[in-house]
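Colleague: give me the fold of what follows.
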Amino acid sequence: MLELAILGFLYDTPLHGYELRKRITALTGHVRPVAESTLYPAIKRLEKAGLLQRATEPGAVAAPRHVLTLTEDGRGELRRRLAEPVQRDITDENRWFTVLAFLRHLAEPHAQTTVLRRRLAFLETPASFFYDGDRPLRAEELDDPFRRGILTVARATTRAELAWLRATIASLEGVAR
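Modeller: Just a heads-up that it's a prediction; the model follows:
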């Protein structure tokens, strides 16, 4: 998820590490804050793989800054990861939001629709946070008001996302025709 966010933000514009960290934190920080000890090793891995380049620019007030730029290989890698997200990127809400934040970088509506359909299929599969054996429990079946609350909020969120997915897929399929 972190590497995808790095590639995604750098796809639009070169950034220095501090600005990149701020943008990633704005996208995922309330759930997974990004520490420097996590970000900079990921940047080094991507740089070593030839997916981004680092250039030193003079700082406005302080020390020189390292500005990161995506290479053509990096742009291709972002598009590949968006077109072929791993299953966890589809099923984990926070990872899904990272994919969704950059899905516009897939130029073909068909490719975008393929990814959206995977998420749609996942959401249409009956599931719950709580089970009776193998059977997913519904909010109405729970006496615990807190667990009922979790399921009530999750149901509302899922309904909203399903409506958005269906409308967006229909729109993209209309563009493709």
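
Colleague: domains in this structure, as residue ranges please.
Modeller: 1-81, 108-177 (automatic domain parsing).

Colleague: redo those as TSV? Include mean neighbour count and distance to residue 101.
Modeller: Where you see a C-beta, it was placed from the backbone N, CA and C, and this is true even at glycine. Below are these laid out as TSV (neighbours: other C-beta atoms under 10 Å; distance: least, C-beta to C-beta, whole Å):
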stretch	mean neighbour count	distance to residue 101
domain 1-81	16	6
domain 108-177	13	12
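
Colleague: check these for me: which has the lowest mean pLDDT.
Modeller: Note on these: domain 1-81 shows the lowest mean pLDDT, a mean of 88.

Colleague: give me the three-state assignment for the residue of the chain most remote from its centre.
Modeller: For the chain, the residue at maximal distance from the C-alpha centroid (C-alpha atoms, centre = their mean) is residue 143, at 34.5 Å. Of the three states, residue 143 takes coil according to DSSP: H, G, I helix; E, B strand; the rest coil.

Colleague: next secondary structure after the host helix or strand of residue 66?
Modeller: Using DSSP states H and E, residue 66 sits in strand 65-70. Downstream of strand 65-70, the first helix or strand assigned by DSSP H and E is helix 72-83.

Colleague: which stretch of helix or strand covers the most centrally placed residue in the chain?
Modeller: The chain has residue 98 as the residue nearest its centroid, 1.2 Å off, counting by C-alpha atoms, centre = their mean. Assigned by DSSP H and E, residue 98 belongs to helix 93-102.

Colleague: residue 103 contacts residue 83, doesn't it?
Modeller: No - using C-beta atoms under 8 Å, residue 103 is not in contact with residue 83, being 9.4 Å away.

Colleague: what touches both of those two?
Modeller: residue 115 (C-beta atoms under 8 Å, 6 or more residues apart in numbering).

Colleague: so how far is stretch 152-170 off the chain centroid?
Modeller: Its chain's C-alpha centre and that of stretch 152-170 lie 17 Å apart, by C-alpha atoms, centre = their mean, to the nearest Å.

Colleague: likewise stretch 141-159?
Modeller: Taking mean C-alpha positions (C-alpha atoms, centre = their mean), stretch 141-159 and its chain are 24 Å apart.

Colleague: could you do stretch 3-20 as well?
Modeller: Using C-alpha atoms, centre = their mean, the offset of stretch 3-20 from its chain centre is 13 Å.

Colleague: mind saving the C-alpha coords of it as PDB?
Modeller: Extracted in PDB, the C-alpha atoms of stretch 3-20 (Å, rounded to 0.1, in the frame of the first residue of the first chain):
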ATOM      1  CA  GLU A   3       4.700   1.800  -2.300                       C
ATOM      2  CA  LEU A   4       1.500   2.200  -4.300                       C
ATOM      3  CA  ALA A   5       0.800   5.500  -2.600                       C
ATOM      4  CA  ILE A   6       4.400   6.700  -3.300                       C
ATOM      5  CA  LEU A   7       4.100   5.800  -7.000                       C
ATOM      6  CA  GLY A   8       0.700   7.300  -7.200                       C
ATOM      7  CA  PHE A   9       1.600  10.700  -5.800                       C
ATOM      8  CA  LEU A  10       4.800  10.900  -7.800                       C
ATOM      9  CA  TYR A  11       2.900  10.100 -11.000                       C
ATOM     10  CA  ASP A  12       1.400  13.600 -11.000                       C
ATOM     11  CA  THR A  13       4.400  15.700  -9.800                       C
ATOM     12  CA  PRO A  14       7.900  15.400  -8.400                       C
ATOM     13  CA  LEU A  15       7.800  15.800  -4.600                       C
ATOM     14  CA  HIS A  16      10.300  16.000  -1.800                       C
ATOM     15  CA  GLY A  17      10.100  13.400   1.000                       C
ATOM     16  CA  TYR A  18       8.400  15.600   3.500                       C
ATOM     17  CA  GLU A  19       5.600  16.700   1.100                       C
ATOM     18  CA  LEU A  20       5.200  13.100   0.000                       C
END
